[in-house]
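# Pasted the sequence and its predicted model underneath.
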Amino acid sequence: MGSPNSPLVYNFTYVDNENETYFTYWVYNPSIITRFIMDVSGQIKKMTWLENPGQWIVFWSKPREQCEVYAFCGPFGTCNQITQPFCTCLNGFSPKFPVDWNLSDYSGGCARETELQCGNTSVANQKSTDKFYVYSNVVLPVNSLSVNASSGASECEYSCLNNCTCTAYSYDSHGCLIWIGELVNLRQLSSNDGSGRTLHLRLAASEFPKNPKGNHKLLVYDFMSNGSLDSHLFRDKEGQVLDWKMRYEIALGTARGLTYLHEKCRDCIIHCDIKPENILLDAEFCPKVADFGLAKLIGREFSRALTTMRGTIGYLAPEWISGVAITAKADVYSYGMMLFELVSGRRNSSESQDKKFKFFPIWAASVVAEGGNVFNLLDHRLENNAHEEELRRIARVACWCVQDAENHRPTMGQVVQILEGVLEVNLPQVPRLLQAFTDSSSGQSSNLCLLSQRAGSETS
């Protein structure tokens, strides 16, 4: 029992005979105030009074944890030691005595909300009768019955369905167990406790949500409250013009997204349709690349993919138009075209206000290559409110991205480093193939044919 000088050491006497059973104890140090109690939780606790902070503390308890007390949560209740309150009703059940339950007396347990549809339990009709709700990583209830289910989990499930008094089953490497009547002492373990098992709780089929839409699968996306980039660039909205800081962050965020697709995924993913319509903006105007309907997966052991010309005219790389198998550099080209529109706030192929040009990228590339005033490229609605170095940097990046030859274009990873100011970027050349758009005045379709012919001669 320890030394008499130890403040919390005590001695005890236990009497158990035909007339009485009792337990007494005393502490060696009379200045220590202690007490033994059995509280409503079912635990026996030894408590010690501490002057500072002036309260009783639990020195010892048995069972050690509240959830180990037998039937603490009552029938069809489950106990979780890391939550408050400890007890909750199983799915499809509610407190049998709500007043007592709200007063933390859980001994009455829970009652079923919908009666079981115990009837025809043939395999063909199981879908219209009862079903099972799965509880994972739990300590199984007490008083289970072992059932032979040599053919596996389906036989174990049927054994329970075929018995109107069966309320749950469990099947794993330990075999098939079923429970008749009430479930008591079910405990939910924490996620980092791997000792739990799985319980299948029997419920009426009506307790499960109905699925009219069948085995159809849905794609669920984040809600992007600010819509697509094109709605902010090309549609005049009073007081809603994107400022330069937002535009630069959108350019950088989109580049990071494409870098992830090209370089960080298990397979290289080529988006194949980068344009402002496919850049979505959340509530903070953070961009997300969307619409992967045309995307191509390329294994790391391959470098190119053949695909039909299904992208958007005006953003297609010349090698794609000419029928050459594409690489991730096709996305780089489309990204460059999008950058021109991000800077100017207008469609690349629309006529300028002063009617000096019809195709913005070739004029912008000339301004950049000749070291001209980059503010001439900027959206007039910004009234020259832009960071000059960032504007020059983004204009040069755009020109490098739309170079004729793939190997002259940067990777998206390099684009990110340039926009972040980590890499320097030199003056680019004016892409010769872009001149096709200004050499002909017979419309976009003629320009496209001319570009295709020139691209073919370049790659042959």
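That came in fine, so what should we check first? A quick note: this is a predicted structure, and the numbers were derived from the prediction, not measured.
# Next SSE downstream of the longest strand along the chain?
As assigned by DSSP state E, the longest strand anywhere in the chain is strand 130-139. Helices and strands here follow DSSP states H and E; after strand 130-139, the next one along the chain is strand 145-147.
# can you give me the helices for the chain?
98-102, 153-161, 230-233, 244-259, 318-321, 329-344, 360-369, 388-401, 412-419, 436-439, 444-459 (DSSP state H).
# Please identify the deepest-packed of those helices.
helix 329-344 (a mean of 25; mean count of other CB atoms under 10 Å). (C-beta placed from N, C-alpha, C; glycine too.)
# Could you list the domains of this structure?
Per automatic domain parsing, the structural domains of the chain span 10-62, 77-207, 230-459.
# Could you give the average pLDDT over the shortest one?
Taken as a whole, domain 10-62 has an average pLDDT of 81.
# how far out from the middle of the chain is it?
Centre-to-centre, domain 10-62 and its host chain are 50 Å apart (CA atoms, centre = their mean, to the nearest Å).
# now swap in the longest one and tell me
What separates the centre of domain 230-459 from the centre of its chain is 29 Å, taken as CA atoms, centre = their mean.
# Now tabulate the helices of the chain in JSON lines and tack on mean pLDDT and distance to Lys213.
JSON lines is the format used below for the helices of the chain (pLDDT from 0 to 100; distance: least, CB to CB, whole Å):
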{"stretch": "helix 98-102", "mean pLDDT": "92", "distance to Lys213": "36"}
{"stretch": "helix 153-161", "mean pLDDT": "90", "distance to Lys213": "26"}
{"stretch": "helix 230-233", "mean pLDDT": "91", "distance to Lys213": "29"}
{"stretch": "helix 244-259", "mean pLDDT": "96", "distance to Lys213": "30"}
{"stretch": "helix 318-321", "mean pLDDT": "82", "distance to Lys213": "37"}
{"stretch": "helix 329-344", "mean pLDDT": "95", "distance to Lys213": "34"}
{"stretch": "helix 360-369", "mean pLDDT": "89", "distance to Lys213": "44"}
{"stretch": "helix 388-401", "mean pLDDT": "95", "distance to Lys213": "42"}
{"stretch": "helix 412-419", "mean pLDDT": "96", "distance to Lys213": "37"}
{"stretch": "helix 436-439", "mean pLDDT": "54", "distance to Lys213": "46"}
{"stretch": "helix 444-459", "mean pLDDT": "37", "distance to Lys213": "41"}
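# related to what we said a few turns ago, so what secondary structure elements neighbour the longest strand of the chain?
Where contact means 3 or more CB pairs under 8 Å, 6 or more residues apart in numbering; DSSP states H and E, strand 130-139 is packed against helix 153-161, strand 186-188, strand 197-204.
# let's see 6 Å
Helices and strands touching strand 130-139, as assessed by 3 or more CB pairs under 6 Å, 6 or more residues apart in numbering; DSSP states H and E, comprise strand 197-204.
# related to what we said a few turns ago, can you add distance to Tyr221 and give the domains of the chain back as CSV?
Compiled in CSV, these are given as follows (distance: least, CB to CB, whole Å):
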stretch, distance to Tyr221
domain 10-62, 47
domain 77-207, 27
domain 230-459, 7
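# Between the helices of the chain, which one is closest to Arg266.
Arg266 sits nearest to helix 244-259 of all these, at 14.9 Å, using CB to CB.
# Residues contacting that closest one, please?
279, 285-287, 289, 331, 342, 386, 390, 394, 412-413, 415-416, 419 (CB atoms under 6 Å, 6 or more residues apart in numbering).
# repeat for stretch 268-280
Outside of stretch 268-280, the residues within contact range by CB under 6 Å, 6+ apart are 224, 228-230, 233, 254, 261-262, 287-288, 290-291, 294-298, 311-312, 315, 328, 331, 334-335, 338.
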